[in-house]
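**Student:** Structure, please.
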Amino acid sequence: MHRLALHVMLLLTLFLALPAPAMAQTTDSVETAGAPVADDGDAAAYLAGLDNPSIPLGELRLRLVPLTAGELATLAEAWQANARDATLEIVALNLDLRQSDTAASDAQLATRQALLDRREAIFEKYGAVVTSLEAKGGDPELVESHRTYRTAISVEEAATLEPREIFVNIVAWLVSPEGGIDLAIRIAVVLAALLGLLIVARIVRAWSRRMFGRVPNLSRLLQGFLAMVVYWLVIAVGLMIVLVAMGVNVTPLFALLGGASFIVAFAMQDTLGNLAAGLMIMINRPFDEGDYVTAAGVAGTVRKVSVVSTTVTTPDNQFIVIPNSKVWGDVIINTTASDTRRVDLEFGIGYEDSIEEAQETLEKVLASHPKVMKDPAPLIRVNELGASSVNFIVRPWVRAEDYWDVYWDLTRQVKEVFDERGLTIPFPQTEMRIKGDPKSTETFARAE
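**Tutor:** Residues are numbered from 1 along each chain as shown. Here you go, the predicted structure:
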């Protein structure tokens, strides 16, 4: 009922402040055409009680709306006096407690805390009046003087506290519902919200990974990256919701992030380059997890690709982390990208050996191996007449996972079959003759 009456009074005040319509002017109204809508008594009645420390903060803010800068300046002086009087009561009580030889009683401490709470409420209302004065074009120096006065009280009061009073203030704040207890509740709410947010983000990431896994032609690297993006988006949006729910103004946070982004981008040029290269790898898919690749001078199996680096395991089980900018900026050889591979081998026979027999032997060895594919057919050709041997190229096709088994098996089997059939695998030989040496000449003649 009190708020309803207040609203009605405000509406009446605004209605009375409006100019009368021209069509409503009659001969009776001509006599009062220049009369003021509200006299000084009405204004004084409206201002009455606005400097009362017991007025609710919400009501005060609402009743400040129609006031002018001059009226607000007067009201600010009144609230400054309220803040001074409240501070005087606190100072008087502090002096009494200091002069007392005994420790302060619980009643005295409760009284002191009540005075502090009352002054804090006055400070809030005082600040509301000063803010309204500033918004309506009040004197900037006057506004600054009021704010300085309010701040100076807190600063000087804190500077004059004795150690015992500081301890008492801390204990009183910790057990106060508006102080330590309220802070503890807020911290507990934040921690619970963060824990719940992490759980929700993990659930959403697992669900999104399953959804992305159903998309055709989407690599595992890109699936993992998209799931990670969803995870961090959920956390970011959740944090914003938690902060807004707690009454925190997130607008300055966006402004801060926007201003800091340029500095961060300039300071992290290399990292951003790796990030861009990582995105190109995930989108273009030159390789995937589990592929054997050669990139940036390193050969190994891809174990993990993040937005900034690629982790490769070499055949001797070394873990090598390569920046993505080096991977994408170099030639990438994906050995396991295809289902089949060609094994390139080379074998040599002596010049005195039969080429036909060697050709037949190599064909039989390849035909007997179970992992050599029939289609496409293996290629066996005389490739080179070397310095010490006639060289054959042997190129069978195998499944990608059988590459090294076939490579090692054929190398051994060809050597064993050549030995059984008397086919030699020559090695480089150097014959040195000394001019004028009779033994060397005789040995050469016999060789001829």
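**Student:** can you give me the strands in this structure?
**Tutor:** Remark: strands assigned in the chain by DSSP state E are 292-295, 298-305, 309-313, 319-323, 333-334, 340-342, 345-349, 379-385, 390-395, 397-399.
**Student:** quick one, which of the ones you listed is nearest to Gly58?
**Tutor:** strand 309-313 (55.7 Å; Cβ to Cβ). (C-beta placed from N, C-alpha, C; glycine too.)
**Student:** which other helices and strands contact the closest one?
**Tutor:** Packing partners of strand 309-313 (3 or more Cβ pairs under 8 Å, 6 or more residues apart in numbering; DSSP states H and E): helix 269-284, strand 292-295, strand 298-305, strand 319-323, helix 324-328.
**Student:** weakest of those by average pLDDT?
**Tutor:** Mean pLDDT is lowest for helix 269-284 among the helices and strands packed on strand 309-313, at a mean of 72.
**Student:** Can you list the buried residues in it?
**Tutor:** By 16 or more other Cβ atoms under 10 Å, the buried positions in helix 269-284 come out as Gly273, Asn274, Leu275, Ala277, Gly278, Ile281, Met282.
**Student:** same deal with stretch 370-378?
**Tutor:** Quick answer for stretch 370-378 (16+ other Cβ under 10 Å): Val372, Met373, Pro378.
**Student:** likewise stretch 387-404?
**Tutor:** Ser389, Val390, Phe392, Val394, Arg395, Pro396, Trp397, Val398, Asp402, Tyr403.
**Student:** Find the nearest non-adjacent residue to the third one, please.
**Tutor:** In other words, Phe392. Phe347 (5.0 Å; Cβ to Cβ, 6 or more residues apart in numbering).
**Student:** Also the fourth one?
**Tutor:** In this structure, Val394 finds its nearest non-sequential neighbour in Leu345, 4.3 Å apart by Cβ to Cβ, 6+ apart.
**Student:** show me the contacts for that neighbour.
**Tutor:** Ile393, Val394, Arg395, Tyr407, Leu410, Thr411, Val414 (Cβ atoms under 8 Å, 6 or more residues apart in numbering).
**Student:** what about 7 Å?
**Tutor:** Val394, Leu410, Thr411 (Cβ atoms under 7 Å, 6 or more residues apart in numbering).
**Student:** Equivalent analysis for Pro286, please.
**Tutor:** Contacts of Pro286 (Cβ under 7 Å, 6+ apart): Ile332, Asn334.
**Student:** related to what we said a few turns ago, tell me the pLDDT at the residue nearest to Val394?
**Tutor:** pLDDT, Leu345: 95.
**Student:** returning to what we had before: looking at the contacts of Leu345, spot the one nearest Asp85.
**Tutor:** Among the contacts of Leu345, and counting by Cβ to Cβ, the member closest to Asp85 is Thr411, at 101.9 Å.
**Student:** Now for that closest one: which residues touch it?
**Tutor:** Leu345.
**Student:** what do you get for the one 3 residues further on?
**Tutor:** By Cβ under 7 Å, 6+ apart, Val414 lies in contact with Phe347, Leu362, Val365.
**Student:** ranking the residues you listed by neighbours, who comes first?
**Tutor:** Leu362 (25 neighbours; other Cβ atoms under 10 Å).
**Student:** from memory that one sits against Ile380, does it?
**Tutor:** Yes: in this structure, Leu362 is within contact of Ile380 by Cβ atoms under 7 Å, at 5.1 Å.
**Student:** what about the residue most central in space within the chain, distance to Val305?
**Tutor:** Residue closest to the average C-alpha location in the chain (Cα atoms, centre = their mean): Trp232, at 6.6 Å. From Trp232 across to Val305, the span is 17 Å (Cβ to Cβ, to the nearest Å).
**Student:** could you dump the strands of the chain to TSV with distance to Gln223?
**Tutor:** Conversion of the strands of the chain to TSV gives the following (distance: least, Cβ to Cβ, whole Å):
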stretch	distance to Gln223
strand 292-295	19
strand 298-305	11
strand 309-313	16
strand 319-323	21
strand 333-334	18
strand 340-342	26
strand 345-349	39
strand 379-385	39
strand 390-395	37
strand 397-399	26
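**Student:** and the nearest residue in space to Ser309 that is not next to it in sequence, how many neighbours?
**Tutor:** Distances taken as Cβ to Cβ, 6+ apart place Val321 nearest to Ser309, at 5.1 Å, with adjacent residues excluded. If you count neighbours by other Cβ under 10 Å, Val321 ends up with 13.
**Student:** Could you do the one 4 residues further on as well?
**Tutor:** Ser325 is surrounded by 21 other residues when neighbours are defined as other Cβ under 10 Å.
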